[in-house]
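Engineer: following is a predicted model, sequence given first.
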There are 2 protein chains.
Amino acid sequence: MPSVAPLDASKLTVELTKQPKELPPTSSLVFGQTFTDHMLTVKWSLEKGWQAPEIKPYGPLQLDPSSTVLHYAAELFEGMKAYRDKQGRCRLFRPDLNMRRMNSSAKRLAFPTFDGEVLTELIKELVRVDERFVPDEEGCSLYIRPTMIGTRASLGVGPSTEVLLFVIMSPVAKYYASGAKPVSLLASTKDVRAWPGGSGAYKLGANYGPCVAPQLEAAQQGYQQVLWVLGEDDEVTEVGMMNFFGAKDLGNGAVELFTPPLGDIILPGVTRDSVLALARAHADPSNPFRLEGVPDKLVVSERRVCMPELRDAARDGTLREVYGTGTAAIVTSVERIGYEGADVQVPVEGDGGFGPVAGAFYDVLQEIQYGSREFADWSVLV
Amino acid sequence: MPSVAPLDASKLTVELTKQPKELPPTSSLVFGQTFTDHMLTVKWSLEKGWQAPEIKPYGPLQLDPSSTVLHYAAELFEGMKAYRDKQGRCRLFRPDLNMRRMNSSAKRLAFPTFDGEVLTELIKELVRVDERFVPDEEGCSLYIRPTMIGTRASLGVGPSTEVLLFVIMSPVAKYYASGAKPVSLLASTKDVRAWPGGSGAYKLGANYGPCVAPQLEAAQQGYQQVLWVLGEDDEVTEVGMMNFFGAKDLGNGAVELFTPPLGDIILPGVTRDSVLALARAHADPSNPFRLEGVPDKLVVSERRVCMPELRDAARDGTLREVYGTGTAAIVTSVERIGYEGADVQVPVEGDGGFGPVAGAFYDVLQEIQYGSREFADWSVLV
């Protein structure tokens, strides 16, 4: 990378909209379909580096029809949220992890990287400008979508010499409007989301588009989402667009919480990382932190999980919970998994289907995100 | 798919540019960077189906920043060419194969499909409008890029309820400006382009963006392109963005021409299909068609090829040729393949490095494409 201008928040220019939108009632919100008044854009070119960041009215991008983003999936994104606390202040949740992953995705696409703290500062400024869109209702938040796209106008496949970084924001209600409900999964033994040597560990657009048709096939078979499995062992990788977690009894009151390890296949989810950190704090006798309702004897494992293990554990009654984690819904419980022509039944409890483990994470993560509980430096004031 | 309007060429509207470009000298052309005066666009929506096709001046697309193409790689494309024959007429090469593959890609993305003959008719009309851009120099042509992108303005991952089909065109010189030269490949045992259960057999943008960084790594190690290999056997799949072909001696003057079989991994290339058809015609004693310079005893195989076989055949002197095929360069010879820390040396001949097999295909395909030789109904007058 030549020595060119770095991303610089001090160069920010702000052009406010002359036509502010009416605030939508949170009851009307569909995920990712309503946007705030403004967006952040920053151009980058190989010659000049990062140009001056701009906050300006939300509106269409003008792209040459030969732009690499439209032909070769030269694109990556992040998903994060701003939450309003009881004092009315806005908060981000572990933005450093989003920035680290965004830079990791950028390297994977041979895109430019940037100082994550600078982009966090710019995102905070965008949130301040559109602060009225951060809902103050329980479970609601402002979804933030940082994105990078290749804008070089050329059909040659090669490195992106021009890139546009932009951030748009969308006020969102609770992900499951009528309350959290456990979902059904179809274990996909035909379609594969990610593979060794592929790009599954990065948040690239390329990992998402090809998942839509398998998702529709699962729906036609009566399942809500796809459980992505890999290889001859039917190794469990991800749940729809979420990370996978399971819990099972080890006997003597001990419970194992398990999730597939990071590597080539698994997206390093912010919620995944947070669940693991909370679980390890709970399991550490020297740490006073406790997750209410979760057994004291909690074994936290990042390890291979295969479908036959889940099926057998469901049969012998040791399978306690299965759930997915992600920024959008935080925790989503699973009630059954279609596998080899039959359903693996997973125990579910209560309205949201949350067992004690998933339920504890769901509650504690929200407490931290909305600023009513502290943990490490995870919640960051805007 | 509900009963909505089909793609209809009779609804075409044409708006001619008021600022026609100056014709670029072919010597100045870089692949895919110069475009003609006009483009074709057709909108599709779930409610209305295909709207009226438009030919209009080439210019930027206005896209909502939440469009699915910018976040989830909701995009596919085709590559084809218009050639000018000795009578000055324009010709397409096997456009039916491009249309079939484009519809196959569309299904893979849960995009709408269309009547391929109708889109071919619309593309012909676009070529007629911009006919002056079809070069009449040997080896030059007009590259045609049909594209489909998801334009639904929503961050929810799901089927594309709005799609834009567009076609842009770019006059191109010979792919290798200073004459065809054999290239070097690095067999990638770390990065994998496509995998069983993935989308490698479809021409999706998602298959291209993640290949750029591995390509740069190969270049840093002194190789021009990546040879994509898969699995523990180091199974050969594709060459950069081209299909793979090899030729080896079977003894007694017989030569085997081999290429990996179609399936989940291999893009069904138009040039690949054409090479196989020509080779089979040549190998068929009842068919009068002959490829000049190619041994009469030609065995044509679609079969697994692994790197150890190529390495061993290079060592024992039976490896005759290795080359890639594609629309852009037709045939590209390979002179060495970096594999497990050493180079597999491939025999090359003459200026272009074409052995007798690759050279014969290179010549015959151009004769057919430029209309100086007939084969089946492959060359189609515009």
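Structural biologist: That came in fine, so what should we check first? Numbers count the residues shown, from 1 in each chain, chains lettered A, B, ... in the order given.

Engineer: look up which helix or strand A:Thr41 falls in, please.
Structural biologist: strand A:38-45 (DSSP states H and E).

Engineer: specify the local secondary structure of A:Ala194.
Structural biologist: coil (DSSP: H, G, I helix; E, B strand; the rest coil).

Engineer: got a list of what it touches?
Structural biologist: Shown in contact with A:Ala194 (Cβ atoms under 8 Å, 6 or more residues apart in numbering or on different chains): A:200-201, A:207, A:228, A:230, A:237-238, A:264-266. (Each C-beta comes from the backbone N, C-alpha and C, glycine too.)

Engineer: can you list the buried residues in the lowest-mean-pLDDT helix or strand in chain A?
Structural biologist: The helix or strand with the lowest mean pLDDT-type score in chain A, counting by mean pLDDT, DSSP states H and E, is helix A:356-369 (a mean of 93). By 16 or more other Cβ atoms under 10 Å in any protein chain shown, the buried positions in helix A:356-369 come out as A:356-366, A:368-369.

Engineer: same thing with stretch A:25-43?
Structural biologist: Residues of stretch A:25-43 classed as buried: A:26, A:29, A:31-43 (neighbour count, 16+ other Cβ under 10 Å).

Engineer: could you list the domains of chain A?
Structural biologist: Described in terms of automatic domain parsing, the domain architecture of chain A consists of the residue ranges A:9-172, A:183-373.

Engineer: nearest to B:Leu142 among these would be which one?
Structural biologist: Within those, the stretch nearest B:Leu142 is domain A:9-172; the backing value is 12.5 Å (Cβ to Cβ).

Engineer: who's A:Gly246 bridged to?
Structural biologist: A:Phe258, A:Val322 (DSSP bridges).

Engineer: picking up where we left off before, starting from the strand holding A:Thr41, tell me which strands it pairs with and how they run.
Structural biologist: Here the strand partners of strand A:38-45, with direction, are listed using DSSP bridges: strand A:49-50 (antiparallel), strand A:54-57 (antiparallel), strand A:162-172 (antiparallel).

Engineer: give me whichever of those is most buried.
Structural biologist: Among the strands paired with strand A:38-45, judged by mean count of other Cβ atoms under 10 Å in any protein chain shown, the one packed with the most neighbours on average is strand A:162-172 (a mean of 23).

Engineer: where do the helices sit along the stretch 1-150 of chain A?
Structural biologist: A:68-71, A:95-108, A:116-129 (DSSP state H, counting those that start in this stretch).

Engineer: from these, which stretch is densest packed?
Structural biologist: In terms of average neighbour count - mean count of other Cβ under 10 Å - the standout among the helices of the stretch 1-150 of chain A is helix A:68-71, at a mean of 29.

Engineer: wait, does that one contact chain B?
Structural biologist: Yes. Part of helix A:68-71 sits near chain B under the criterion Cβ under 8 Å from any Cβ of the partner chain, namely A:68-71.

Engineer: what separates A:Lys86 from B:Ala219, distance-wise?
Structural biologist: Note on A:Lys86: its distance to B:Ala219, by Cβ to Cβ, to the nearest Å, is 55 Å.

Engineer: who has more neighbours, the two?
Structural biologist: For A:Lys86 versus B:Ala219, neighbours defined as other Cβ atoms under 10 Å in any protein chain shown are more numerous around B:Ala219 (14 against 9).

Engineer: and A:Thr151, backbone torsions?
Structural biologist: With angles defined as degrees, to the nearest 10, A:Thr151 sits at phi -110, psi 10.

Engineer: ok, it - contacts?
Structural biologist: When the contact criterion is Cβ under 8 Å, 6+ apart, the partners of A:Thr151 are A:43, A:63-64, A:67-69, A:160, A:162-164.

Engineer: one more pass at 10 Å, please.
Structural biologist: Contacts for A:Thr151 were tallied using Cβ atoms under 10 Å, 6 or more residues apart in numbering or on different chains; they are A:43-45, A:61-64, A:66-70, A:74, A:160-164.

Engineer: so who does the residue nearest to A:Gly293 when sequence neighbours are not counted touch?
Structural biologist: Leaving out its chain neighbours, the residue that sits closest to A:Gly293 by Cβ to Cβ, 6 or more residues apart in numbering or on different chains is A:Pro356, at 4.1 Å. Residues counted as contacts of A:Pro356 (Cβ under 10 Å, 6+ apart) are A:247, A:255, A:291-295, A:320-321, A:349-350.

Engineer: using ChimeraX, make a named selection holding only the buried ones among the residues you listed.
Structural biologist: Applied in ChimeraX, the following selects the buried portion of the contacts of A:Pro356 according to 16+ other Cβ under 10 Å:
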select /A:247,255,291,294,295,320,321
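
Engineer: closest to A:Arg91 among the contacts of A:Pro356?
Structural biologist: The shortest distance between A:Arg91 and any of those, using Cβ to Cβ, involves A:Leu291 and amounts to 21.2 Å.

Engineer: and the closest one, how far from A:Phe258?
Structural biologist: In this structure, A:Leu291 and A:Phe258 are 16 Å apart, going by Cβ to Cβ.

Engineer: quick one, what contacts the closest residue to A:Gly88 other than its chain neighbours?
Structural biologist: Once its chain neighbours are removed from consideration, A:Gly88 has its nearest residue in A:Asp136; the separation is 7.1 Å (Cβ to Cβ, 6+ apart). With contacts defined as Cβ under 10 Å, 6+ apart, the neighbours of A:Asp136 are A:26, A:83-86, A:88.

Engineer: low pLDDT regions in the stretch 1-150 of chain A?
Structural biologist: Regions of the stretch 1-150 of chain A meeting the criterion pLDDT under 70 cover residues A:1-3.

Engineer: how about it: which residue is closest to chain B?
Structural biologist: A:Gly32 (2.7 Å; Cβ to the nearest Cβ).

Engineer: B:Ser66 is in contact with that residue, correct?
Structural biologist: Yes. With contacts counted by Cβ atoms under 10 Å, A:Gly32 reaches B:Ser66, the gap being 6.7 Å.

Engineer: any residues in contact with both of the two?
Structural biologist: Shared contacts of A:Gly32 and B:Ser66, defined by Cβ under 10 Å, 6+ apart, comprise A:145, A:168, A:170, B:153-156.

Engineer: pull out the buried members of these.
Structural biologist: Looking at these with 16+ other Cβ under 10 Å, the buried ones turn out to be A:145, A:168, A:170, B:153-155.

Engineer: one step back: could I get the helices of the stretch 1-150 of chain A as JSON lines with distance to B:Pro308?
Structural biologist: Converted to JSON lines, these look like this (distance: least, Cβ to Cβ, whole Å):
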{"stretch": "helix A:68-71", "distance to B:Pro308": "35"}
{"stretch": "helix A:95-108", "distance to B:Pro308": "29"}
{"stretch": "helix A:116-129", "distance to B:Pro308": "44"}
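
Engineer: and of those, who's closest to B:Ala110?
Structural biologist: So among the helices of the stretch 1-150 of chain A, helix A:68-71 is nearest, using Cβ to Cβ, at 18.1 Å.

Engineer: still on that earlier bit, nearest to A:Ser333 among the shared contacts of A:Gly32 and B:Ser66?
Structural biologist: Of all those, the one sitting nearest A:Ser333 is B:Gly156; the distance, using Cβ to Cβ, is 20.3 Å.

Engineer: pretty sure the closest one contacts A:Thr34?
Structural biologist: No. With the criterion set as Cβ under 10 Å, B:Gly156 and A:Thr34 do not qualify as a contacting pair; they are 11.7 Å apart.

Engineer: tell me, what's touching these two both at once?
Structural biologist: Between them, B:Gly156 and A:Thr34 share the neighbouring residues B:Ser66, with contact defined by Cβ under 10 Å, 6+ apart.

Engineer: list the buried residues for the helix or strand that the least confident helix or strand of chain A is followed by?
Structural biologist: Beyond helix A:356-369 in the direction of the C-terminus, DSSP H and E gives the next helix or strand as strand A:379-381. The neighbour-count check on strand A:379-381 (16+ other Cβ under 10 Å) flags A:379-380 as buried.
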